[in-house]
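> sharing a model prediction with you, sequence too.
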Amino acid sequence: MSWATAWRIARRDLSARFRGLRLLLVCLFLGTMALTAIGSLTAAIERELSTRGGELLGGDLQVSIWQRGLSPQERSVLSSQGSYSEGVRLQAMARSGDMAVPIELKGVDRAYPLYGALTLADGRAVGMPPAGQAWLSRDAADRLGVGKGARLAVGTATLEVGGIIANEPDRLGEGFQLGPTVIVGAAMPAEAGLLAPGSMYRTKARLRLFGADPAAAGEAFIDRFPTAGFELRTRDEASPGADRFIRRMGDFLTLVGLAALVIAGIGIAGGVSSYLDARRGAIATLKIVGATSADIARIYGLQIAAAALVGSLAGVSVGIALTPLLALALQGLLPVAGGIVLDPRPIALALGYAALVALVFAASPLLRARRFPAMALMRARVSPLARDREAMLAVTLGLAAIAALALLTARDWLLTGGFLIGAGAGFALLAGAGWLLRRLAAALPRPANPVARVALANLHRPGSATGTLVTALGFGLAAFVLLAAVQTAIDGTIAKRVPERAPDYFVLDVPRERAAEFTCLVARTDPRAEVRLVPMLRGAVIAYGPEGRMTRTADLEELPEGGWALRGERGLTYAATPPEGNTVIAGRWWSADTRANEVSVDEEFADAVGLRLGDRITFGVLGTEVTATVTSLRRIDWQQLGFNFVFVLSPPVLAAAPHNLSATVDLRPGAPPAPLLRSLVQSFPSSSVIEVGGIMRQARTLLEQVGLATLAAAGVTVLAGIAVLLGAIAAARAQRSYDTVVLRVLGASRAQVLALLLAEYALLAGVLALVALALGGFAGWLVIVKLFEFDWLPDWGTVALTLRAGLAAVLLFAVLASLPLLRQKPARALRSL
């Protein structure tokens, strides 16, 4: 039979609404929709980061340093390689009338911006503001209640609002800010008394290179000044935080799409089995009139391929349509352009996965049916078809192809490989559970109740669908557990990492000589307020390890997991006694009169990088190197939102360096914060006051957005799990029709038949609940701990409630699927068997 003839027969038999193949269509639709939307959005963001890296960073290369400007020699080396721009970034307070707002003060020079355009709301493209003027972000203007032409005070300077910023080209590259942006001339912060020795500010120098490679230019600069403590970024890493977020969310969402396809594949197998079973008579008739096994494969393979193509193309279309909506939701957070995104790679990848999944999970029932003679097909109800070795081989090869495609297209081989191994282990676990359940059901004594006796026998009798049902129900219920575990773990992380109770204010750059005055001012405003003052400097870890064998941070190809404190400059402090909320767990704290250079290190960081007592750490501080010996390890209570330092040094190491103090202020419950804020701004104009409440709201909102995105993504897996449940029940319904008719002929009532079905599914679901809890919980732990690096804090009560909802859904689907069987007339049904 030719392909054209096979297609004519297939088309005549194929319903326009794909009756019987809708489950296949829905499963592929869900998987391809998720993969297309995820891949297109990720590709669009990565393309923006790649093509607009110079604009987002503000240059091809950025060199930054804390608490000092560049020396003439350093500036000369950089400026000789391209167009050069230098400025400062710091926290400050802006005041207008009775309003005081913490801001991110951004001092820029005449060369700014090197890329892109800084535009104002009135349409002007501008650069450095004229002397005495400032450009305000819309948020800063709204919070201060000012507009163009109004006046505000920053530090000891008074500025005129020269315009409202409409577009700041390097906004994303600036990273997380504790306040809205105010742009001023590069000299203004020093003139306003904000850059005194020890002040917490950051100098950023940017280059638009004359054609040199940014990474090579940066490495050459660091080699020239290896101990200065500079931090480098190139246009290829314009927003490292965004890059890491995109990679992690992209990996997670891609795995969600893959999981949805793999789980739905089980539903596809059930749906195709049910579809071919319903056409058992037609297949036998075709064989009787001369059709060969190859002809059968062509006819029904074409039908399945047509349904798979329609479902996949529909999923791709909806995925493409969803991308602009996702981009709109992410605007302002990530660099993504609006509009339709047509990227051939994610589309081709989604279609490739869909084709492989459809082929793999449809192959077994199709090949099994085509190889058996017509009489065997006619007797399939009472004499089930045996397993087909050729079908098993096709399935194995198809699964290998899916794994190869996943690994070849993965950005993180370890993560993807782990997912594939986990999926295989899940299949093996459920297959073993199905085998064990059948053996156990056969070994148990027969109950006296006839309904329970038949339900138990159905689990192990010849032709039983127990193995298929266990796999399908196990993955379906595991999807419910995964959703609940991930969502509640994120909620638990929010509750732990973003505590409800925190200091009311952080205050930066309190002059050391005015510490007593600061404490008295707070006490006059609120006598019951708690004040904590600590020295604060910035420094980078230059090298660490045993003396004589120290590891240079710059030589590390990648940071050890958990070694985040090696990245760039970190806050440093010194103290005579262990800080509040810290417990010394190894070594000893130095004496109050020590003259040695000692350092106490966070135990988690020490474990991550392999630091031991007696090892040495060299810090780069204000352009000089200081080395200290590790004499103690501390356990830090990170839930206490205050000053927590990975490194605390003995006073001789840093006390002589120019620095200021930082403070936390915790007012009594119910005390109004506004009077203290006004007093601090008036008495300490060069200090920066940060309202903690706003930061907590931002952090909570950000984590809630991550949770919402994760919930929506995991919802695709749950939908696939529901499709699996429907597929399994649909595949078993044909066999149930025969059983139901026989039981009705033998005198069973509809209520007894329904009770029998419910008892069988209740037994299966009850046993599988524990397996699903283990599978879904382990998958959730991998997502939360290994992928997002959050704490594993699920609410097991909610997880159990969700699992119970899944069990109820199984029983509901079983009842709904059984109702048509109960309405069948035995005589009519027997004639159709």
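Good, I have the coordinates. Numbering: from 1, shown residues only.
> now name the helix or strand holding T577.
Per DSSP states H and E: T577 is located in neither a helix nor a strand.
> just the helices in the stretch 451-600 of the chain please.
Under the criterion DSSP state H, counting those that start in this stretch, helices of the stretch 451-600 of the chain are mapped to 466-497, 515-525.
> so what does the longest one touch, helix or strand wise?
Helices and strands touching helix 466-497, by 3 or more C-beta pairs under 8 Å, 6 or more residues apart in numbering; DSSP states H and E, are helix 240-278, helix 413-443, helix 692-745, helix 750-781, helix 796-822. The way it works is simple: take the backbone N, C-alpha and C, and place the C-beta from them, glycine included.
> what's the answer for the shortest one, then?
Under the contact criterion of 3+ C-beta pairs under 8 Å, 6+ apart, helix 515-525 touches strand 530-545, strand 660-666, helix 674-683.
> list the buried residues of it.
Buried residues in helix 515-525, counted by 16 or more other C-beta atoms under 10 Å: F518, T519, L521, V522, T525.
> closest one to A362 out of those residues, please.
Each of the buried residues of helix 515-525 was scored against A362 by C-beta to C-beta, and V522 proved nearest at 72.2 Å.
> need the pLDDT of the residue nearest to A350 when sequence neighbours are not counted.
Among residues not flanking A350 along the chain, L35 sits closest, at 3.9 Å (C-beta to C-beta, 6 or more residues apart in numbering). For L35, the model assigns a pLDDT of 80.
> so L35: helix, strand or coil?
Secondary structure of L35, reduced to three states by DSSP: H, G, I helix; E, B strand; the rest coil: helix.
> could you do W135 as well?
Once three-state DSSP is applied, W135 turns out strand.
> touching, the residue nearest to A350 and L349? I think so.
Yes: between L35 and L349 a contact is recorded at 6.6 Å, counting by C-beta atoms under 8 Å.
> I'd assumed G87 was in a helix, is it?
No: counting by three-state DSSP, G87 is located in no helix; its state is strand.
> now it: how far from L286?
In this structure, G87 and L286 are 78 Å apart, going by C-beta to C-beta, to the nearest Å.
> cool, S749 as well?
S749 is 39 Å from L286, where distance means C-beta to C-beta.
> neighbour count: the two, which is higher?
L286 (20 against 11; other C-beta atoms under 10 Å).
> phi first, then psi, for that one.
Here the main-chain torsion angles of L286 (degrees, to the nearest 10) amount to phi -60, psi -40.
> can you tell me the closest non-neighbouring residue to it?
Nearest residue to L286, sequence neighbours excluded (C-beta to C-beta, 6+ apart): I296, at 6.3 Å.
> tell me how many other residues crowd Q73.
By other C-beta under 10 Å, the residues close to Q73 number 9.
> sorry, wrong one. I was asking about T471.
If we define neighbours as other C-beta under 10 Å, then T471 has 23 of them.
> for it, what are its contacts?
T471 makes contact with I266, F427, L430, A431, G434 under the criterion C-beta atoms under 8 Å, 6 or more residues apart in numbering.
> top of these by neighbour count?
Greatest neighbour count in the contacts of T471, by other C-beta under 10 Å, goes to I266: 28 neighbours.
> quick one: it and A192, what's the gap?
I266 is 66 Å from A192, where distance means C-beta to C-beta.
> again with D13
When D13 is compared with A192 (using C-beta to C-beta), they lie 82 Å apart.
> same question, R804
62 Å.
> which phi and psi does A448 have?
The phi/psi pair for A448 (degrees, to the nearest 10) reads phi -70, psi -30.
> the residue nearest to S312 when sequence neighbours are not counted: neighbour count?
Using C-beta to C-beta, 6+ apart and skipping residues adjacent in sequence, the residue nearest S312 is A354, 4.1 Å away. If you count neighbours by other C-beta under 10 Å, A354 ends up with 26.
> do the one 10 residues further on as well
By the measure other C-beta under 10 Å, the count of residues near S364 is 20.
> got a pLDDT number for it?
75.
> shaky segments in the stretch 101-250 of the chain?
The model of the stretch 101-250 of the chain has pLDDT under 70 over residues 176, 238-250.
> buried sites along stretch 21-31?
For stretch 21-31, burial by neighbour count (16+ other C-beta under 10 Å) applies to L21, R22, L23, L24, L25, V26, C27, L28, F29, L30, G31.
> the third one: what secondary structure?
Counting by three-state DSSP, the backbone at L23 sits in helix.
> quick check: chain neighbours aside, which residue is closest to it?
Spatial nearest neighbour of L23, excluding adjacent residues (C-beta to C-beta, 6+ apart): G271 at 3.4 Å.
> equivalent analysis for the first one, please.
The shortest distance from L21 to any non-neighbouring residue, by C-beta to C-beta, 6+ apart, is to A307 (4.0 Å).
> any idea how far the one helix or strand that neighbour maps to is from the chain center?
According to DSSP H and E, A307 maps onto helix 293-330. Mean C-alpha position of helix 293-330 versus that of the full chain (C-alpha atoms, centre = their mean, to the nearest Å) differs by 27 Å.
> same thing with stretch 19-31?
From the chain centre to the centre of stretch 19-31 is a distance of 28 Å (C-alpha atoms, centre = their mean).
> then stretch 583-599?
Worked out by C-alpha atoms, centre = their mean, stretch 583-599 lies 40 Å from the chain centre.
> give me whichever of the helices and strands packed on helix 515-525 is most buried.
Counting by mean count of other C-beta atoms under 10 Å, strand 660-666 has the highest mean neighbour count of the helices and strands packed on helix 515-525, with a mean of 23.
> so L35 and L349 - more neighbours on which side?
Neighbour count, other C-beta under 10 Å: between L35 and L349, L35 has more, with 29 against 20.
> look up how far L313 lies from the more buried one.
L35 is 13 Å from L313, by C-beta to C-beta.
> and L667, by the same measure?
Distance from L667 to L313, by C-beta to C-beta: 61 Å.
> swap in A348?
Distance from A348 to L313, counting by C-beta to C-beta: 13 Å.
> please pull out the lowest mean pLDDT helix or strand from this protein.
Ranking every helix and strand in the chain by mean pLDDT, DSSP states H and E puts helix 374-378 at the bottom, with a mean of 54.
> what's the mean pLDDT across stretch 428-441?
Averaging pLDDT along stretch 428-441 gives 84.
> report the buried residues of that stretch.
L429, L430, A433, G434, L437, R438, A441.
> now do stretch 415-426
Across stretch 415-426, burial judged by 16+ other C-beta under 10 Å covers L415, T416, F419, L420, G422, A423, G426.
> pLDDT check: weakest of those?
Ranking the buried residues of stretch 415-426 by pLDDT puts L415 at the bottom, with 71.
> after the least confident helix or strand of the chain, next one along is what?
Using DSSP H and E, the first helix or strand after helix 374-378 is helix 389-408.
> for that next one, packing partners?
Using 3+ C-beta pairs under 8 Å, 6+ apart as the contact test, the elements touching helix 389-408 are helix 344-370, helix 413-443.
> list the buried residues in it.
Residues of helix 389-408 classed as buried: A391, A394, V395, G398, L399, I402, A403, A406 (neighbour count, 16+ other C-beta under 10 Å).
> what does the pLDDT read for the fifth one?
On the pLDDT scale, L399 is placed at 79.
> identify the bridge partners of the residue lying closest to R512 once chain neighbours are set aside.
Among residues not flanking R512 along the chain, L661 sits closest, at 5.7 Å (C-beta to C-beta, 6+ apart). Using DSSP bridges, the bridge partners assigned to L661 are V510, P535.
> quick one, what contacts L661?
For L661, the contact set (C-beta under 8 Å, 6+ apart) comprises D509, V510, P511, R512, A515, F518, L533, V534, P535, M536.
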